[in-house]
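> Need coordinates for the below:
(3 chains)
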Amino acid sequence: MGDTWIARKISLSPRVVFPNKILPFLLVAPQLAITLVFFYWPAGQALYQSMLRQDPFGLRTKFVWFANFRKVLADPAYLNSIKVTVVFSLATAIVAMCVALLLAVMAEKAVRGKGLYRTLLIWPYAVAPAIAGMLWLFLFNPSIGSLAYLLRSLGIAWDPLLNGTHAMILLVSAAAWKQISYNFLFFVAGLQAVPKTLIEAAAMDGAGETKRFWTIVFPLLAPTTFFLLVVNTVYALFDTFGIVHAVTGGGPGKTTETLVYKVYNDGFVNLILGDSAAQSVILMAIVIALTAIQFRYVERKVHYG
Amino acid sequence: MKFFGFAAGIAATLTLLSTTSAFAVTQISWWHAMTGANAEVVAKISKDFNASQSDYELIPVFKGTYPETLNAGIAAFRAGQAPDILQVFDVGTGVMMAAEGAIKPAADVLTSAGMTFDKSQYLPGIVGYYSKPDGTMLSFPYNSSSPILYYNKDIFQKAGLDVNNPPKTWNEVWEAAKKIKTSGAASCGYTSTWLTWIHLENFAAWNDVSWATQQNGLAGGDVELKINAPIFVNHFQALADLAKDGTFKYGGRTSEAKQIFLAGECGIFTESSGGLGDIVKSGMNYGIGQLPYDTDAKGAPQNTTPGGASLWVFGNKSDEEYKGVAAFFAYLSKTDVQEYLHQKSGYLPVTLAAYEATKKSGFYDKNPGRETPILQMTGKAPTDNSKGVRLPNLPQVRDIQNEELEKMLAGQQTAQQALDNAVTRGNAAIKEALEN
Amino acid sequence: MIGQSPLRTFTAHAVLILGILIVAFPIYYTFVASTHTLQTILRPPLPLLPGGQLWNNYSEALFGGIGRIGGVSVGQLLLNTTIMALGVAVGKIFISILSAYAIVFFRFPLRMTFFWLIFITLMLPVEVRILPTYKVMVDLGMIDTYAGLIIPLIASATATLLFRQFFMTIPGELVEAARVDGAGPWRFFFDILLPLSRTNIAALFVILFIYGWTQYLWPLLVTNSNDMNTIVIALRKMVSFADADTEWHLVMVTAMLAIVPPILVVVLMQRWFVRGLVESEK
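Predicted structure coming up:
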């Protein structure tokens, strides 16, 4: 989570600055050093590894240029995992946001107990993905889960182990669950910022509550919504490894194998290091592209923020 | 970079301190994947070994799940920091064997420390699984288990089945399962853990049919899967048919199905002998039988193969360390240690002496289920089909098999299609792994 | 406020309560499981109400149970996890606020190059580059050290970016005024910038503390000594879906221990946390 929290801010330029020449270098030095050693150096290694065919122990090595990339991109399993990732990310973002928005709107209305509701709703934010996955498994796994048992005794053929759609539903629920708190806080903040006078004016014009929401409140929430959409999608793309790992392990078949999970599975479980490294490099490229897009958006906020 | 120098400096100082203080005692690191009660066993064995002598200190370290432990070992080897001993699960055996330069065969560790290694004292089915084709034992078996059949006596009673006579063949299992379902004694007749290990690998060995060419890969070279032979297809088609109305219930790729059985939802259950502990603790009225066999197979029942994990020793360590490892292996082979391991953890004993001693103590009279896997594994001398399976990429091949079987159980393809696909995709993956 | 009918207020409360039920249920259910006997947990379905084993389970777990399985005392586990979480939070805030300060309030060669170098690292999960990073750790001798647990996790740009965005909203007049008063960059930093950043720092602290607390794969890889284990690792060590007997009642107690401290941090620091989030959002 920490890694996907990016603030949008209005910037005022040009800046007034301090004239020192050496000090700024000293100030950026710690972060730069850590980034170079623990990010760029390993990333460079991954890039090199992506052009190698190697046994797991590194005893036999063959340099193959871009053969691993060609292989990965031609692999139907990889294309499948792109599709899975897109479906999963969008579904997670949408579910997490819709539930959070509904709860936020209701919290705005419920004058009494607002603080208590908020306190009770932000819990899941603090739960480790590895533990969240375990908890969901404990509830919904057909073999272990108590709620799965309940569903079955109600006559619902709940079977995420064989039914890919059920597995996806389970995964999206677990991933969205962890994100609801975060979205809720942002939506509450967004709603508080909507000028009450606007709503009262519309009410006097005779607009119903639903209409007021969709014509006035929702458009004013658009920046928040867009921001959350990006944050949630990125969360679903990259921060859900622990959940996929614990809840479905990519199955049944390959119906829930996301890109990040596939990197792990090919590299860590199947020990095909070259393929896995090539996938990491592709992911890094995606991350950099997404970041650049988001940054553009963040910076452009200057003009209409 | 100042920041780093500082951190690295502290670390270096610490390392220095620890090496000087450990001057008298050689430390032996053992990375393992044991959890729950088995983690306690590891801790106790290590403590007892350390107390039994003063030259070596064994340090057990938990490194996550089996795949995580294997990876931690590999990563450490690549970084020049390999532990002395690494516990590797059965399917990782092929990976370790392919890395000849990285490991030192367990037999060599023992003999170079001046110990004699008498193979005849060990259970042949287990040691054979961890040996090279020429008979050299490569890794030291630590925890071994084999699949057996469990059944719920209360459900059998309700369904009008013979409580003291569990099904012996697969056809009997299917019939009993149907009866459980139709009589309403339970909502499901039969479930199983580990379809790949029980219904493919052990099915082949127990029925003495080939799982793959080259002695199931043990002889090395170009291996091709044979799991789409008619006997497998018939077996899985029967399973798929039973899955349609829930007479057979799928529980997941590994051990998750145990919970369905524990909840009393299914009457019959095949699972590793190591899973007994939970079943005992749940307080269920259970019975145990041998793994069922296929009546179409001529040689059945032959013998089952072990699952579990063994201890691998990394290469390029000092003589002192190897001596320590050898001392530990010798300690592990001691009859009382093996007896403790076997009786406490539910894994099989590695030595015949420990088996005999346990038998004499009357343990099996009280816990009849504990002997079943040993009898299954030692009943007959293994054939080319029943020494176990070995591939450089068995985890990947199992994944492929699971994916195809899941599609079959979901009704998307027939058993023939599933197994044909598993063979085609599996063979391609094996070929690629061999090229690397 | 516009007048609301009682029915609407009722609906709002009903939806909120339903939401809370859904959101808090998994955690509540873990608590329920931690108060039942092993036998009850082993035979699903688990009851919806707490059982009578609260005292027994918790005292067994705390006084020996977790240590017996995990090989380390609960106190040590919680201490390690706290050090790691605090280290990640404080370390990341420290390096980020400095570099953001440099990038916003100074002009120097390569400024934008540095910014981009840091910025690109924004969100690559550690799982994806884990093997090469591990190699670096070994080369630097940082295995089994708190530094090894903490430092690689603070190599990301999130916090830097946040501070940068915040600093850019600080009016130039403030800087000018400070310079007119003869205040150097350090005095400006401590007397003006730091107090202004309070809520941001608090919010970041909460987020990063939780990020550090919840790590799994990384601590598993870079610690060899049991004494360095974190509570999340200890928890995973206790759970076996495979051969071993899992003492689920103790597992559930451990899960509660792993969940409650970060929840307390979020709930107790709620006001700061929310304000920090919200202010940076506006």
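> what lines up beside the helix or strand encompassing B:Asn143 in the sheet?
Applying DSSP states H and E as the criterion places B:Asn143 in strand B:140-145. Each strand paired with strand B:140-145, and its direction, by DSSP bridges: strand B:307-314 (antiparallel).
> What average pLDDT does the partner strand get?
Taken as a whole, strand B:307-314 carries a mean pLDDT of 93.
> follow-up on the earlier one: for the very next helix or strand once past the strand holding B:Asn143, what is the average pLDDT?
Sequence-wise, the next helix or strand beyond strand B:140-145 is strand B:147-152, with elements assigned using DSSP H and E. Rounded to a whole number, the mean pLDDT of strand B:147-152 is 95.
> Identify each buried residue in the helix or strand just after strand B:147-152, please.
The element immediately downstream of strand B:147-152 (helix or strand, assigned by DSSP H and E) is helix B:153-159. For helix B:153-159, the buried set under the neighbour-count rule, 16 or more other CB atoms under 10 Å in any protein chain shown, comprises B:Lys153, B:Asp154, B:Ile155, B:Phe156, B:Ala159. (Each C-beta comes from the backbone N, C-alpha and C, glycine too.)
> tell me what helix B:153-159 is packed against?
Packed against helix B:153-159, as judged by 3 or more CB pairs under 8 Å, 6 or more residues apart in numbering or on different chains; DSSP states H and E, are the following elements: helix B:170-183, strand B:266-272, strand B:286-289.
> near chain A, which residues of the stretch 201-350 of chain B?
Residues of the stretch 201-350 of chain B lying close to chain A by CB under 8 Å from any CB of the partner chain are B:Tyr250, B:Gly251, B:Gly252, B:Arg253, B:Glu256, B:Ala257, B:Lys258, B:Gln259, B:Ile260, B:Ala263.
> Okay, now the unreliable bits of chain C?
Along chain C, the model assigns pLDDT under 70 to residues C:1-4, C:44, C:65-71, C:122-128, C:239-246, C:276-282.
> So which residue is dead centre in it?
To find the centre residue of chain C, average its C-alpha atoms and take the closest one (CA atoms, centre = their mean): that gives C:Ile210, at 1.0 Å.
> In chain C, which helix is the longest?
In chain C, with assignment by DSSP state H, the single longest helix is helix C:74-105.
> pLDDT score assigned to B:Thr15?
43.
> thinking again about what came up before, buried residues, the longest helix of chain C. List them.
Counting neighbours by 16+ other CB under 10 Å, one finds that the buried residues in helix C:74-105 are C:74, C:76-78, C:80-93, C:95-105.
> near chain A, which of those residues show up?
On the criterion CB under 8 Å from any CB, C:Lys92, C:Ile95, C:Ser96, C:Leu98, C:Ser99, C:Tyr101, C:Ala102, C:Ile103, C:Val104, C:Phe105 are the entries of those that sit beside chain A.
> Name the SS class of the closest residue to the fourth one other than its chain neighbours, please.
Think C:Leu98. In this structure, C:Leu98 finds its nearest non-sequential neighbour in A:Leu27, 4.5 Å apart by CB to CB, 6 or more residues apart in numbering or on different chains. Of the three states, A:Leu27 takes helix according to DSSP: H, G, I helix; E, B strand; the rest coil.
> A:Leu27 contacts C:Phe105, doesn't it?
No: the pair A:Leu27 and C:Phe105 fails to qualify as a contact (CB atoms under 8 Å) at a distance of 9.3 Å.
> So which residues of chain B form strands?
With strands called from DSSP state E, chain B shows them at B:26-32, B:56-62, B:85-89, B:103-104, B:140-145, B:147-152, B:188-192, B:248-250, B:266-272, B:286-289, B:307-314.
> Adding mean neighbour count, write those strands out as TSV.
Putting these into TSV (neighbours: other CB atoms under 10 Å in any protein chain shown) gives the following:
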stretch	mean neighbour count
strand B:26-32	22
strand B:56-62	22
strand B:85-89	26
strand B:103-104	22
strand B:140-145	26
strand B:147-152	26
strand B:188-192	26
strand B:248-250	25
strand B:266-272	27
strand B:286-289	18
strand B:307-314	26
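> could you dump those to a markdown table with distance to C:Ser5?
Output for the strands of chain B, formatted as a markdown table (distance: least, CB to CB, whole Å):
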| stretch | distance to C:Ser5 |
| --- | --- |
| strand B:26-32 | 64 |
| strand B:56-62 | 59 |
| strand B:85-89 | 63 |
| strand B:103-104 | 76 |
| strand B:140-145 | 66 |
| strand B:147-152 | 56 |
| strand B:188-192 | 51 |
| strand B:248-250 | 50 |
| strand B:266-272 | 53 |
| strand B:286-289 | 60 |
| strand B:307-314 | 65 |
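> how many neighbours does C:Tyr146 have?
With neighbours defined by other CB atoms under 10 Å in any protein chain shown, the count for C:Tyr146 comes to 16.
> Can you name the residues that contact it?
For C:Tyr146, the contacting residues are C:Asn80, C:Ile83, C:Met84, C:Gly87, C:Met228, by CB atoms under 8 Å, 6 or more residues apart in numbering or on different chains.
> Show me which pair in the residues you listed is furthest apart.
The span of these, defined through CB to CB, is set by C:Gly87 and C:Met228 at 12.7 Å.
> what is in contact with the two at once?
If you check C:Gly87 and C:Met228 against CB under 8 Å, 6+ apart, the residues they both contact are C:Tyr146, C:Leu149.
> Could I get the phi/psi values of the residue nearest to C:Gln39 when sequence neighbours are not counted?
The shortest distance from C:Gln39 to any residue that is not its chain neighbour, by CB to CB, 6+ apart, is 5.5 Å, and that residue is B:Gly283. Listed backbone geometry of B:Gly283 is phi 80, psi 20, with angles given as degrees, to the nearest 10.
> Per-residue pLDDT of B:Gly283, please?
What the model reports for B:Gly283 is a pLDDT of 83.
> Repeat that for A:Val95.
A:Val95 carries a pLDDT score of 95 in this model.
> Excluding sequence neighbours, find me the nearest residue to it.
A:Ala176 (4.2 Å).
> What is the burial count for the one you found?
For A:Ala176, the neighbour count with other CB under 10 Å is 24.
> try the one 4 residues further on
As a burial measure, A:Ile180 scores 23 neighbours (other CB under 10 Å).
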